[in-house]
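> A structural model of the following input is requested.
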Amino acid sequence: MRDLMGEVKVSSLFSPQARTASEDGSAIDTYGSAYGGPRELVCYMDVGVASGTGPTLNVKLQDSVDNSTFTDIAGAAFAQKTAPGTAELRVTGFRRYLKATATVGGTSPSFTFGVVAVAGKPRTYPV
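The predicted structure follows:
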């Protein structure tokens with residue numbers, strides 16, 4: 001019998017905490033899972049607190065073949081956040097390693113947020 005835990009993998013790209021400056025999140029190995037590297041995943045961002053004068057938060061995804069040199073994934077960026085809220089981002093066509101990078105702007109900005117990636121086994125397997 002198959003269970004949900006065997007079908008879905010959730011990985012943290014940014015642990016939920018307050019941030020006042022731009023930074024990179026944790027990289028994940030998309031091949032280091034039971035599904036041998038998904039080709040599609042969904043990322044979720046939750047912003048709980050936003051403060052400062054004109055605060056802005058931009059979060060985008062980057063990928064890498066060697067977990068060392070990362071480049072932006074075309075079209076893989078959340079809409080800019082200026083207030084609390086949630087967002088979803090579907091990502092396809094990425095390389096083995098994946099990470100999120102956050103750019104925080106404004107005067108004395110602070111954002112409490114987290115980002116997770118959710119991947120599942122493919123519906124069909126190659127023969």
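> in the protein, what spans have low per-residue confidence?
Residues of the chain meeting the criterion pLDDT under 70: 1-7, 32-38, 121-127.
> what about the helices in it?
4-7 (DSSP state H).
> where do the strands of it begin and end?
For the chain, applying DSSP state E gives strands covering 8-19, 23-24, 28-29, 40-64, 71-77, 85-92, 97-120.
> want to try TSV for those, with mean neighbour count as columns?
Yep, even glycine has a C-beta here, placed from its N, CA and C like the rest. Output for those, formatted as TSV (neighbours: other C-beta atoms under 10 Å):
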stretch	mean neighbour count
strand 8-19	15
strand 23-24	12
strand 28-29	16
strand 40-64	17
strand 71-77	13
strand 85-92	14
strand 97-120	19
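> ok, the residue nearest to Val47 when sequence neighbours are not counted - contacts?
Once flanking residues are discounted, Val47 sits nearest to Phe113: 4.3 Å by C-beta to C-beta, 6 or more residues apart in numbering. With contact set as C-beta atoms under 8 Å, 6 or more residues apart in numbering, Phe113 has these partners: 14, 16, 19, 45-48, 57, 59, 81, 102.
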